[in-house]
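1. Sequence first, predicted coordinates after that:
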Amino acid sequence: VVSAIVSGLRGGFMASQTAIRFTNEMGYSKIDEETSLIDESAGLLIAACGITFQLMQGFALPFPFNLLLLPVVIFEYVLQWQVTFQNDYKA
């Protein structure tokens, strides 16, 4: 749960800062990232939405992503199995 919160906060701040930089570069806005609190406020809002979504889903992948990422999930299970049950440790 702690890693979900930290990842949500980091991702929310990254998304808001990138969006503000993009709007500044495109000329849609002239927001100063250093003095404004808009990027922090938007980052916290995005993080809250992401953390809430993760908690509501029970940390499981929602429908379209579970099919798309099935090979990655299988690979993760194989790695976990090998780390847990492989007994080739040579001292």
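-> Looks like it came in fine.

2. Distance check, residue 23 against residue 11.
-> With the distance defined as C-beta to C-beta, to the nearest Å, residue 23 ends up 19 Å from residue 11. No exception for glycine: its C-beta is placed from N, CA and C like everyone else's.

3. Could you do residue 20 as well?
-> Counting by C-beta to C-beta, the gap from residue 20 to residue 11 is 15 Å.

4. more neighbours, those two?
-> Just comparing residue 20 and residue 11: by other C-beta atoms under 10 Å the higher neighbour count belongs to residue 20, 20 against 15.

5. So that one: helix, strand or coil?
-> With DSSP: H, G, I helix; E, B strand; the rest coil as the basis, the three-state label of residue 20 is helix.

6. Surely it is in contact with residue 30?
-> No. Counting by C-beta atoms under 8 Å, residue 20 does not reach residue 30; the two are 10.4 Å apart.

7. Now do the contacts for residue 54.
-> Listed by C-beta atoms under 8 Å, 6 or more residues apart in numbering, the contact partners of residue 54 are 4, 8.

8. confidence score at it?
-> Looking at residue 54, its pLDDT reads 87.

9. ok, now the one 5 residues further on?
-> Predicted confidence (pLDDT) at residue 59: the value is 82.

10. Check the one 5 residues further on too.
-> The per-residue pLDDT reported for residue 64 equals 88.

11. Residue 79 now?
-> On the pLDDT scale, residue 79 is placed at 91.
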